[in-house]
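**Q** Sequence isn't available, so here's the structure alone:
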């Protein structure tokens with residue numbers, strides 16, 4: 001009997017202890033903290049610099065006479081009637097500023113606007129020697145000059161971003177300072193006719209390019225001292241092709257009075273059209 005009472009008491013104590021343990025608070029591991037992976041976006045302002053290579057395309061200088069005697073001189077090749085003007089050269093330096101807006105972060109369409117200026121400084125001077133005006137007489141020399149000092153553009157652009165790689169097309173307004181000149185000498189070497197134009201011309205440009213945003217963990221970012229100093233969120237490398245056309249201009253090549261008995265005048269029509277390849281980098285502000 002006593003043994004049964006002892007067993008019943010022990011069971012009661014064990015049950016009470018289990019019930020008390022169930023009422024104690026549990027130690028639950030804290031939930032895992034997940035940090036979202038940063039998604040690169042091209043949205044934001046940018047500024048940068050570039051170097052370039054430029055070459056002309058379909059440029060010709062056409063000269064016509066304005067009176068009977070000058071028209072005859074062109075017809076007889078004493079003066080250059082049509083002269084192909086080819087120019088090329090490595091541009092010095094340029095810079096630009098713009099803004100992009102990416103419709104969807106990560107990969108997606110990107111819209112933007114850009115303004116830049118390239119110091120091209122490409123020029124060419126041509127010598128021409130026309131046949132003599134008299135049998136056995138001296139030749140009729142001529143000199144034609146053409147130069148593009150700089151090329152500026154204001155363009156819209158649309159592209160598609162594959163994360164940190166942007167491929168885009170661009171087009172818009174173009175302008176640049178041109179310098180045209182024509183000097184026609186008589187057989188004695190005197191400057192008989194001269195004409196010059198030096199001013200800004202306007203036109204259009206279009207092209208396309210590719211741009212790559214350097215990852216933040218890339219060793220290349222170790223050299224991004226200026227970007228860090230000015231607060232840029234990223235640095236990008238770029239390459240771009242542009243075709244430009246600044247139209248044509250008539251230049252009056254008038255009688256100087258120094259090459260008597262030369263009379264009348266000529267009109268030389270110059271055109272400026274060409275291509276530009278740019279390579280450089282941008283500092284991007286805003287976004288990642």
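**A** Ah, there it is. On a predicted model such as this, the values are computed, not experimentally measured, just so you know.
**Q** For the helix or strand hosting residue 150, list every residue counted as buried.
**A** Taking DSSP states H and E as the definition, residue 150 sits inside strand 140-162. If you call a residue buried by 16 or more other C-beta atoms under 10 Å, then strand 140-162 has these buried ones: 140-148, 150-153, 155, 157, 159, 161. For the C-beta atoms, the positions are set from N, CA and C on the backbone; glycine is no exception.
**Q** Tell me how far the helix or strand just after it lies from the chain's centre.
**A** Next helix or strand after strand 140-162 toward the C-terminus (DSSP H and E): strand 165-185. Between the centre of strand 165-185 and the centre of its host chain there is 11 Å, according to C-alpha atoms, centre = their mean, to the nearest Å.
**Q** Just checking, which helix or strand succeeds strand 165-185 along the chain?
**A** Tracing the chain past strand 165-185, the next element assigned as helix or strand by DSSP H and E is strand 191-213.
**Q** now that following strand, how far from the centre of its chain.
**A** For strand 191-213 - counting by C-alpha atoms, centre = their mean - the centre lies 13 Å from the chain centre.
**Q** by contact count, what packs against that strand?
**A** For strand 191-213, the helices and strands in contact under the criterion 3 or more C-beta pairs under 8 Å, 6 or more residues apart in numbering; DSSP states H and E are strand 140-162, strand 165-185, strand 234-255, strand 265-285.
**Q** quick one: which of these is nearest residue 46?
**A** Residue 46 lies closest, by C-beta to C-beta, to one member of those: strand 265-285, at 4.4 Å.
**Q** Now that closest one: average pLDDT?
**A** Strand 265-285 shows a mean pLDDT of 93 in the predicted model.
**Q** Stretch 158-171 too?
**A** The predicted model assigns stretch 158-171 a mean pLDDT of 96.
**Q** what do you get for stretch 76-91?
**A** Model confidence over stretch 76-91, given as mean pLDDT, is 84.
**Q** Just the buried residues of it, please?
**A** Neighbour-count burial for stretch 76-91, with 16+ other C-beta under 10 Å as criterion, is recorded at 78-81, 83, 85, 87, 89, 91.
**Q** one step back: what angle do the strand holding residue 150 and strand 265-285 make?
**A** Interaxial angle of strand 140-162 relative to strand 265-285 (axes from the mean of the first three to the mean of the last three C-alpha atoms, to 10 degrees): 30 degrees.
**Q** what's whichever strand or helix holds residue 50 packed up against?
**A** Counting by DSSP H and E, the element that carries residue 50 is strand 44-56. Using 3+ C-beta pairs under 8 Å, 6+ apart, the elements in contact with strand 44-56 are strand 88-102, strand 107-118, strand 122-130, strand 234-255, strand 265-285.
**Q** Which one of those lies nearest to residue 202?
**A** Taking C-beta to C-beta as the measure, those were each checked against residue 202, and strand 234-255 came out nearest at 6.7 Å.
**Q** Any buried residues in that closest one, and which?
**A** 234-236, 238, 240, 242, 244-246, 251, 253, 255.
**Q** Wait, a helix at residue 72?
**A** Yes: remark: residue 72 belongs to a helix, assigned using DSSP: H, G, I helix; E, B strand; the rest coil.
**Q** Correct me if wrong: it contacts residue 64.
**A** No: under the criterion of C-beta atoms under 8 Å, residue 72 is not in contact with residue 64, lying 11.6 Å apart.
**Q** okay, and the common contacts of those two?
**A** Residues touching both residue 72 and residue 64 (C-beta atoms under 8 Å, 6 or more residues apart in numbering): none.
**Q** residues near residue 93, how many?
**A** One way to gauge burial is a neighbour count; for residue 93, by other C-beta atoms under 10 Å, it gives 12.
**Q** Let me know whether it touches residue 120 as I believe.
**A** No: the pair residue 93 / residue 120 is not scored as a contact, 10.5 Å apart, by C-beta under 8 Å.
**Q** one step back: may I have the strands that pair with the strand holding residue 50, each with its orientation?
**A** Taking DSSP bridges as the criterion, strand 44-56 sits next to strand 88-102 (antiparallel), strand 265-285 (antiparallel) in its sheet.
**Q** any idea how far stretch 239-249 is from the chain center?
**A** Centroid separation between stretch 239-249 and its chain, computed with C-alpha atoms, centre = their mean, is 11 Å.
**Q** pLDDT (mean, whole number) over it?
**A** Taken as a whole, stretch 239-249 carries a mean pLDDT of 96.
**Q** Need the residues that contact it.
**A** Under the contact criterion C-beta under 8 Å, 6+ apart, stretch 239-249 has outside partners 50, 57, 148, 151, 153, 170, 174-176, 178, 180, 197, 201-211, 269-279.
**Q** Right, I'll leave it there.
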